[in-house]
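> Let's see this in three dimensions:
(one chain, ligands or ions: 1)
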Amino acid sequence: MATLQEKLQELIPQWRTERAKILKEYGDKELSKATVTMAFGGMRGIKGMICDTSVVEPDKGLIIRGYPLLDIMDLWPEQTFCLLLTGKIYDLDDPIIKNYQKEMDRRSQIPQYVYDVLEAMPRDSHPMCMLNTGILVMEKESSFRAAYTKGTKKEDYWVSTLDDSMTLLARLPGLAAAVYRLRYEKGDYIHWTPGLDWGANYANMLGISDPTGEFAKLMRLYLHFHCDHEGGNVSANTCHTVGSALSDAYYAVSAGLNGLAGPLHGLANQECLGWVLELMEKFGGTPTEEQIRNTAFETLRAGQVVPGYGHAVLRVTDPRFTGFNKFGKQYLANDPVFMTVDRVFNVVPKVLEEYSAERVKAGKGPIANFWPNVDAGSGALLYHYGLTEFEYYTVLFSVSRAMGMLSQLVWNRAVGTAITRPKSVSMEWITKNVK
Ligand code: CMX
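All right, here's what the predicted structure looks like:
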């Protein structure tokens, strides 16, 4: 099998058979309970959707198709996307990867109208708004929409969805780099270089000077690490819900990324570096542990969250934080921002633990997780290599997360998941009916 399309053609009948078997054998079994607290609590813990691309274990973190993230740290993003889709790791010289890279070369050109739209936007637009606008405006090119309009069969929906996914992924680094260069007045756009991999191409198109090639390495790692986080997080769940109405990949991914742009989700990475830099400015360099402790308490007592810490599912240090920390220790151990992030990691979990106990005494709920998530450490690495505009960081996250959202979309089209429609109830209904 030499292409992703052919590989999926082989796999999808197996997935369909498995789905039918599971439904036949376990269709009426209960997956989980839903309590009133869970319904008010963002449906946390309710098992109500299926996602095969990855799983997040509270005590282990991200596991992609059965592989714990830190065991596959060295994958390039092309390999990650193929793994998410097929469940298999292909070597870089495997025909599947080679063909996929050629497909990206073929599909990577950004249409002129996208630049025109970006250039017409207000110069103080948020980079996430620019990215999402750029994605939406390309919707007119959707293969899925064209195929659906022609009356394609339901069982073939995945074919044109994969086609849209490959085009969107090929264009995303160029689009995201254009947003960067335009928004921060970096000069002319830099275009895709055929033959160069996805991560290095993105690094190159941003125009960050990279004489050692370390920035390209960081970009590959960054794009690999942010790829997916199972199905229920805001961006994946939104993309899934919008896609379940058979909106095409451009609509669905843009919708998901609008969710990623929220400060409790992907935007936390810009907030996080901001918090660290303010800390350094306040103390004129890398602060002491005592200074970090006092500032963290000030943030909490002002009713704000410490960005980059806590998680809806994780209950340990996020392996993505661990992986970025490893990269930092290898390549930029003496960088003052990285050193501050590392020191914050020594202090903040204990602060959150103490603060959580205070909250409980005051009759509030505890903080469920004191440990750093993905957003706590990545910004310091980007900052070191000269990508200092931290309002832009969620765009990098988005380019990567599109891989997870799109592979989930293809999977759902392939197995024929129904339109999303959970049941809501009113407060009056609860008062009358729940005993
Ligand atoms: N600082 C201060 N308070 C925190 C906290 C933090 N880092 N993490 C959780 N809490 C608070 C919550 O705000 C909540 O308070 P209220 O009851 O007063 O509203 C309480 O602790 C209980 O929350 P939880 O059950 O521990 O966490 P949730 O599942 O509700 O929320 C998350 C998870 C990530 C939104 C939260 O930990 C947070 O806001 N963290 C900081 C922002 C952040 O880093 N987000 C990025 C997450 C990763 C990603 O999606 O990209």
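> Please, where are all the helices along the stretch 201-350 of the chain?
214-225, 234-244, 249-260, 268-283, 289-301, 319-331, 336-361 (DSSP state H, counting those that start in this stretch).
> buried ones in the helix or strand of the chain with the lowest mean pLDDT?
In the chain, the helix or strand scored least confidently by mean pLDDT, DSSP states H and E is helix 268-283, which has a mean of 92. Residues 268, 269, 270, 271, 272, 273, 275, 276, 277, 279 are the ones in helix 268-283 that count as buried (16 or more other CB atoms under 10 Å). In short, each C-beta sits where N, CA and C put it, glycine included.
> if we look at the ligand, which of these are close to it?
residue 268 (CB under 6 Å from any ligand atom).
> Distance to residue 167 for the buried residues of helix 268-283 - can I get that in TSV?
TSV is the format used below for the buried residues of helix 268-283 (distance: CB to CB, whole Å):
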residue	distance to residue 167
268	29
269	27
270	28
271	32
272	32
273	32
275	37
276	37
277	37
279	42
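> In space, what's closest to the residue in the stretch 301-435 of the chain that the ligand sits nearest to - neighbours in sequence excluded?
As assessed by CB to the nearest ligand atom, the ligand sits closest to residue 310 within the stretch 301-435 of the chain, at 2.2 Å. Residue nearest to residue 310 in three dimensions, not counting chain neighbours: residue 369, with 5.1 Å by CB to CB, 6 or more residues apart in numbering.
> what are the phi and psi values for the residue of the stretch 301-435 of the chain closest to the ligand?
Backbone torsions of residue 310, given as degrees, to the nearest 10, read phi 90, psi 160.
> Can you report how many residues neighbour it?
22 (other CB atoms under 10 Å).
> pLDDT wise, what is residue 1 at?
Residue 1 carries a pLDDT value of 57.
> next one: the one 3 residues further on
pLDDT for residue 4: 96.
> and it, what is it in contact with?
Residues in contact with residue 4 (CB atoms under 8 Å, 6 or more residues apart in numbering) are 82, 85, 86, 96, 99, 100, 103, 162, 166.
> Just the buried positions in stretch 212-219, please.
Quick answer for stretch 212-219 (16+ other CB under 10 Å): 214, 215, 216, 217, 218, 219.
> Nearest spatial neighbour of the fifth one, chain-adjacent residues omitted?
If the residues on either side of it in the chain are set aside, residue 218 comes closest to residue 381, at 5.6 Å by CB to CB, 6+ apart.
> What lies in contact with the strand or helix carrying that neighbour?
Per DSSP states H and E: residue 381 is located in helix 378-384. The contact list for helix 378-384, computed with CB under 8 Å, 6+ apart, reads 218, 222, 225, 269-270, 272-273, 276, 320, 324, 327-328, 332, 335, 337-338, 340-341, 388, 390, 393, 396.
> hmm, try it at 7 Å
Helix 378-384 is contacted from outside by 218, 222, 269, 272-273, 276, 324, 327-328, 332, 335, 337-338, 341, 390, 393, using CB atoms under 7 Å, 6 or more residues apart in numbering.
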